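Participant: Build me a model from this:
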Amino acid sequence: MLRQQQRASQRSCALNQQRFTVSLHARCALLSTHVEFISQVRLPTLCCADCRHNHLPYPASAGNAAQAQTAGTAQAPGSTSRSSKAPVEPPRPPELPLLMHSVSMASFLATQGDLEKLLLEWKRQHGPVFEFQVPKSPPVMVVTDPDMIREVYEVLQYEKSPRYRDLLPLLGPQSMVLSEGHTWRVQRDAFNPGFSSSFLQSALPGFISCTERLVEQLAEAADKQKVVQLHHLVVLTTLEIICKVGFGEDIDFLTAGRRGTLWAAFEGLGRHVAWFIDNVPFNWLKALPWNQAKSEQLQHQLDSQLIDILVKRLGEMGIQVQQQQQQASQWQEAFASDSSVQCPAAAASSSSSSSNSNGSSSVLAAGSSECPFHNMNGSPPVATSNNSSSSRGGGIGAQQPSATAAATKEAATEQLMLQSKDILTLAVKLCQQQANRSSNSTVQAGLDLDMLLSQMKTFFAAGHDTTAGLVGWTLWYLCQNPEVEQLLAQEVAAVMGDSSKPTYQQLTEMKYMNAVLKESLRIRPPIGLIARVAPPGSSLAGYNTSNKILLVSPYVQHMDEDIWGPDASQYKPKRWLQEGGRAQHVPSYSYMPFSRGPRDCIGARFALLEAKTILCMLFRQFKFEYAGQRPEEVLMSVTAHPKYGVPLSVKWREAGTWKQQ
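Facilitator: This is a model prediction of the structure:
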């Protein structure tokens, strides 16, 4: 009798468990069917082992915990998996069938912050490697382990995500941001000297002269007790600097403001491109005919003005440009094309002039029948550039120069730096020098007109945006931390004395200024997310990465309390000055405001010198108070902008101290 009761009790428990399981499955199906309730229903915190609706991170089940443990022991972080064990899948945050992570991401972004903060929260929950996915997109594996990031960037050197091609209209089809392989190496080697410390030291007067116009406007605001949108003013100032130092063109953006034709063309195209990048669900709309037509029209408005500057500057160098078609149609095909980024220059240039595949004409060197700016897709140069990127600039099998030849080349480069007043001139002269030096007539030191235009657009877009954001965020942080602002102003006054214009030596002596800028870049890195594409069949540290996007967030790296300490989220410039402190021993890939590895930002030195010059000249004369109604917030649109423009009231630091010298 007792056994019969026990059997009946077991059958009852099994039936109840079956009913619970069926009910839970039905609830999962209901959630996937009635999407309108998703944002109001709290997902279950427990799920049966055989439920295919994965609402829990992988480590929650015993099987997945074992997988995670296998992944951690299969191979040390920072190396590809060579173990006989099959790579495992990384943990995934809770998701819904079909909709995957799109709903949870949209809910978080609408109520709690931006994607960077969501990634930081997921990292705290699921560890240094995790994965998310949205419908009709490949899985995105977020990597936060510094050694694994180094493996991807330096050893494997995976190519950039195809999403970077959304920037093609703004940057140009041959931008070094988009180029890969040998094409990128030649471009980088050609422009690296223009971003070296030696050249930037000689270019400092250009930084100062443009900043003086900003000082004049702030002086007027201080006299009239006006509130200024400082971020916008700095944007215009940095545009002036990149035009003057980058292209040798003196343009007064600050006086013209939004009325200037070049600024209006750039802003119009930038807003158009950014809209499709920011609104991911509607990104596909950019391919519609009317949106493509608008994109081409906006590109022409910007390109035609930059071409005029480029042709003028090349003419001043004695290089004639023969344009065989109207500029209105020169650049349409390249931007509308969805082919891989390649240099469209002609394969041969024995004639005095030739048109390339997108309709633009070649650049002709005066006194030469052969163009020194083409054939970038040909054989690698015989000799590689002897500069900071030489380790990544030479192709396989490239002939290495002798010590004497290398020293001669370096001396010639230094001489060109002294003779060149802007980055464009220096790059062109270096390419001419390379072409003249080459003993192999089939080897070209490769730049063409399209390539030069693409780099101009890249420097125009990226060359001002990073610095403007850095200066804007720094002023916001200083307004929130008056003790830091006071220490910075004291250092500026002590180093500069009575002068209103800093020297290069004085800027290098400002240690606290360096700490302030490093901390601003740590708390608010200008780059939002960096993506690489893993090839089929690949793995990393025991995790399957085949055909996945590998995503790195500098912000997440900079907020890691295990690396930076419990005060990681606090603005403390002094951390960079503490001997033996955490900041002195941070892994390189735990601090990457300008990315890292061979493809780090070429303009990092340029941006820092620019920011130092602007802040030094501003704090020598003025003090600032935040005048906004709300605290600044991050507006992530390609880069991290201050949402409200950093409105500041401007006051004289000491009455009557401003003066021109």
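Participant: Could you use CA atoms for every contact and neighbour count after this?
Facilitator: Noted.
Participant: How are the strands of the protein distributed by residue range?
Facilitator: For the chain, strands defined by DSSP state E occupy the ranges 129-132, 140-143, 227-229, 319-321, 363-365, 530-533, 539-540, 543-544, 549-552, 622-626, 634-637, 639-642, 647-652.
Participant: quick one: average confidence on the second one?
Facilitator: The predicted model gives strand 140-143 an average pLDDT of 97.
Participant: picking up where we left off before, which stretch in the strands of the chain is the model least sure about?
Facilitator: When mean pLDDT is averaged over each of those, strand 363-365 scores lowest at a mean of 43.
Participant: Now mean neighbour count too, for the strands of the chain, in TSV please.
Facilitator: As requested, those are exported to TSV (neighbours: other C-alpha atoms under 10 Å):
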stretch	mean neighbour count
strand 129-132	22
strand 140-143	22
strand 227-229	19
strand 319-321	19
strand 363-365	24
strand 530-533	19
strand 539-540	24
strand 543-544	24
strand 549-552	22
strand 622-626	20
strand 634-637	16
strand 639-642	20
strand 647-652	21
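Participant: how about the ones you listed in CSV, adding distance to residue 278?
Facilitator: What follows is the strands of the chain, written out as CSV (distance: least, C-alpha to C-alpha, whole Å):
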stretch, distance to residue 278
strand 129-132, 18
strand 140-143, 17
strand 227-229, 23
strand 319-321, 38
strand 363-365, 37
strand 530-533, 15
strand 539-540, 29
strand 543-544, 29
strand 549-552, 17
strand 622-626, 28
strand 634-637, 6
strand 639-642, 11
strand 647-652, 24
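Participant: closest to residue 275 out of the ones you listed?
Facilitator: Set against residue 275 and scored by C-alpha to C-alpha, the strands of the chain come closest in strand 634-637, at 8.3 Å.
Participant: neighbouring strands for the closest one, and are they parallel or not?
Facilitator: The strands that strand 634-637 pairs with in its sheet are strand 639-642 (antiparallel) (by DSSP bridges).
Participant: And the contacts of the strand it pairs with?
Facilitator: Under the contact criterion C-alpha atoms under 8 Å, 6 or more residues apart in numbering, strand 639-642 has outside partners 231, 465-466, 469, 472-473, 524-528, 632-635.
Participant: Name the spans of the stretch 351-500 of the chain whose pLDDT lies under the cut-off.
Facilitator: 351-415, 418, 437-447 (pLDDT under 70).
Participant: try 50
Facilitator: 351-399, 440-446 (pLDDT under 50).
Participant: quick one: residue 155 from residue 128, how far?
Facilitator: 20 Å (C-alpha to C-alpha, to the nearest Å).
Participant: go on, residue 273?
Facilitator: Here the criterion is C-alpha to C-alpha. By it, residue 273 lies 32 Å from residue 128.
Participant: got the contact list for residue 166?
Facilitator: With contact taken as C-alpha under 8 Å, 6+ apart, residue 166 is in contact with 273, 277.
Participant: Now do it, the pLDDT please.
Facilitator: Looking at residue 166, its pLDDT reads 89.
Participant: gap between it and residue 283?
Facilitator: Residue 166 sits 9 Å away from residue 283, taking C-alpha to C-alpha as the criterion.
Participant: Between those two, which contacts overlap?
Facilitator: Contact criterion C-alpha under 8 Å, 6+ apart; residues bridging residue 166 and residue 283 by contacting each: residue 277.
Participant: re earlier: and residue 155 and residue 128? Which one has more around it.
Facilitator: Applying other C-alpha atoms under 10 Å to residue 155 and residue 128 shows that residue 128 carries more neighbours, namely 17 against 14.
Participant: which non-adjacent residue is nearest residue 144?
Facilitator: With C-alpha to C-alpha, 6 or more residues apart in numbering as the measure, residue 128 is the residue that lies nearest to residue 144, at 5.0 Å, once sequence neighbours are left out.
Participant: doesn't residue 145 make contact with that neighbour?
Facilitator: Yes - Residue 128 lies in contact with residue 145 (C-alpha atoms under 8 Å); the separation is 5.7 Å.
Participant: Helices of the stretch 151-300 of the chain, residue ranges please.
Facilitator: When assigned using DSSP state H, counting those that start in this stretch, the helices of the stretch 151-300 of the chain occupy the ranges 168-171, 181-191, 197-224, 230-241, 247, 253-256, 261-278, 289-316.
Participant: Only C-alpha atoms, please: export stretch 308-318 in CSV.
Facilitator: Coordinates of each C-alpha in stretch 308-318 appear next as CSV, following Å, rounded to 0.1, in the frame of the first residue of the first chain:
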residue,chain,number,x,y,z
ASP,A,308,40.0,73.4,-56.0
ILE,A,309,42.3,73.6,-53.0
LEU,A,310,44.2,70.5,-54.0
VAL,A,311,44.7,71.6,-57.6
LYS,A,312,45.8,75.1,-56.4
ARG,A,313,48.3,73.6,-54.0
LEU,A,314,49.7,71.1,-56.5
GLY,A,315,50.1,74.0,-59.0
GLU,A,316,52.2,75.9,-56.4
MET,A,317,54.5,72.8,-56.2
GLY,A,318,54.9,72.9,-60.0
